[in-house]
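Undergrad: My questions are about this predicted structure, shown below with the sequence.
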Amino acid sequence: MGEAVGRCLTTLGDRHPGTARAYRWALTDLARSVGDDPLDDVLGGPVLALWLVSPTGSGREPSAASVRQRATAARSLVRFALESRLLGAATADTALAALQRPATPPVARDTAPARLLLARAAGRRPHGVSWPVWVRFRAHVLVLADTGVTERHLGRALLTDLADDRTTLRLDDVTHRLGDATRHALTSWLTVRQDLVATLQGSPPPQLWVRAHPSVHPRTGAVAAVGMPITARGLRKAFSDVVVALVDGDPRLASCTVAHVRALAPGTQEGRTVPSPRARTEPSRTSPGGAEEAGRGRRRRS
C-alpha cells in the first residue's frame, strides 16, 4: 500500500496546488493508517470505509469536508492503481462503491430570526445605513424569502427578468412568483436604482442589482463606481453589514444569514413557480415540429 501511494503522489505535478495538497494529506494519512497491508486487502476490504470516517490526527471526528477530501483522493488512487495494473477491475469496483458517500441530509434551519428580520426590514432605516443600501436590502431579503435562490443566481438577474408588474422574476429559466410586499420593495428599489445608474457615463447596466456606493477591490485596487453591477459576493456582504447595524437594536438578529432567509421560501418548486413563457412557445426537439426546427438549424450552421 505504501508503495502504491508513493507512486500515485509522484503523478500530482499537473494538478492544482490546492488539489495536490489535499490529495497528499489524505493519501499519506491512508498509508500511515494501514501500514504495510497489501493494496488489494485495503481497497477491496472493509478497511477503506472505516478509514473514511476515522478520527483525525487530533483525535476529533472528521468533518464532512474532510470525509469528502479523503474519498476524492482515494478514488484518484484507485484509478491510478487500475491504470497501472496494480489492481484488478473487480477490486476497483468494490473500492469505488465503498467511496460513494451517502447524500447529505438537508440542513434544518430555524426560520425565527429570518421572520424577525423581515418584520424589521419593514420598519425604520437603522443608524449608519444609507437610504439606497437600505432600499436595496429590503428588496434583496424579500426576493430571497419568496424565491429561495442563492446570490449566485440572484446576482445574474437582469432588469428584463423582472415582469413589468413586478409579480414574477425569472432566474435560470424558472419564473418565481413574488408577493405584494416584494413587489412594492422592488418598485422602490428600481426608483433608487435609476438615480444610481444616472451617475454613470454611457449606457446603464442591464443588471437588476447595482452598487449603492463605490468600492475598491482588495487585491487589484480597481474601483467600482456607484451604479455599476454588484456581484453575488457584494450582495452577501451588504446583507451582513446591514444585519450588523440591525443587531444593535435587536441582538436576536445576530444569527440570521441569507440561508435562514432562503429557508422561508416554499418547500416545493411548484409552489413558487409558473410555467416559463419560453417553455410554452418553443417546440420540443422530440416532437415533429421540434425535429424539423433542429434540422433546419443544423443545415444553416453547416
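TA: The structure has been received and is ready for your questions.
Undergrad: Now do the strands in the stretch 101-250 of the chain.
TA: Counting by DSSP state E, counting those that start in this stretch, the stretch 101-250 of the chain has strands at residues 168-171, 174-177, 215-216, 223-224.
Undergrad: Would you list the phi and psi of residue 92?
TA: Summarising the backbone geometry of residue 92 under the convention degrees, to the nearest 10, its torsions are phi -60, psi -40.
Undergrad: wait, doesn't it sit right on residue 80?
TA: No: using C-beta atoms under 8 Å, residue 92 is not in contact with residue 80, being 10.4 Å away. Yep, even glycine has a C-beta here, placed from its N, CA and C like the rest.
Undergrad: Which of the strands of the stretch 101-250 of the chain sits closest to residue 185?
TA: Each of these was checked against residue 185 via C-beta to C-beta, and the shortest separation belongs to strand 168-171, namely 12.0 Å.
Undergrad: model confidence over the closest one, on average?
TA: Predicted confidence along strand 168-171 averages 92 (mean pLDDT).
Undergrad: Would you map out the domains in the protein?
TA: Domain assignment for the chain by automatic domain parsing gives 2-98, 112-277.
Undergrad: Surely residue 245 and residue 124 touch.
TA: No: in this structure, residue 245 sits apart from residue 124 without contact. The criterion is C-beta under 8 Å, and the distance is 11.6 Å.
Undergrad: coming back round to it: next, format the domains of the chain as a markdown table and append mean neighbour count.
TA: A markdown table is the format used below for those (neighbours: other C-beta atoms under 10 Å):
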| stretch | mean neighbour count |
| --- | --- |
| domain 2-98 | 16 |
| domain 112-277 | 16 |
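Undergrad: Dump the helix or strand where residue 65 lies to CSV, keeping only the CA atoms.
TA: Counting by DSSP states H and E, the element that carries residue 65 is helix 64-83. Once side chains and other backbone atoms are set aside, the C-alpha atoms of helix 64-83 remain, and they are given as CSV (Å, rounded to 0.1, in the frame of the first residue of the first chain):
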residue,chain,number,x,y,z
ALA,A,64,-17.9,16.4,6.2
ALA,A,65,-15.3,18.3,4.2
SER,A,66,-12.5,16.0,5.4
VAL,A,67,-14.5,12.9,4.5
ARG,A,68,-15.1,14.3,1.0
GLN,A,69,-11.4,15.1,0.6
ARG,A,70,-10.5,11.6,1.7
ALA,A,71,-12.9,10.0,-0.6
THR,A,72,-11.8,12.1,-3.6
ALA,A,73,-8.2,11.3,-3.0
ALA,A,74,-8.9,7.6,-2.6
ARG,A,75,-10.8,7.5,-5.8
SER,A,76,-7.8,9.0,-7.5
LEU,A,77,-5.6,6.3,-6.0
VAL,A,78,-8.0,3.6,-7.2
ARG,A,79,-7.9,5.0,-10.8
PHE,A,80,-4.1,5.2,-10.7
ALA,A,81,-3.8,1.6,-9.4
LEU,A,82,-6.2,0.4,-12.1
GLU,A,83,-4.4,2.2,-14.9
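Undergrad: residues in contact with it?
TA: Applying C-beta atoms under 8 Å, 6 or more residues apart in numbering, the set of residues contacting helix 64-83 from outside is 4-5, 7-8, 11, 22-23, 25-27, 29-30, 39, 43, 48, 51-53, 56, 62, 86-87, 89, 92, 95-96, 99-101, 104.
Undergrad: Identify the residues contacting the closest residue in space to residue 73 that isn't next to it in sequence.
TA: Once its chain neighbours are removed from consideration, residue 73 has its nearest residue in residue 26; the separation is 3.6 Å (C-beta to C-beta, 6 or more residues apart in numbering). With contacts taken as C-beta under 8 Å, 6+ apart, residue 26 has the following neighbours: 69-70, 72-74.
Undergrad: again, only using 7 Å
TA: With C-beta atoms under 7 Å, 6 or more residues apart in numbering as the criterion, the residues that contact residue 26 are 69-70, 73.
Undergrad: For it, what are phi and psi?
TA: Comment: the main-chain dihedrals of residue 26 come out as phi -70, psi -50, following degrees, to the nearest 10.
Undergrad: Return the distance of it relative to residue 148.
TA: Distance of residue 26 to residue 148, given as C-beta to C-beta, to the nearest Å: 34 Å.
Undergrad: for residue 127, same thing?
TA: Distance, residue 127 to residue 148, using C-beta to C-beta: 31 Å.
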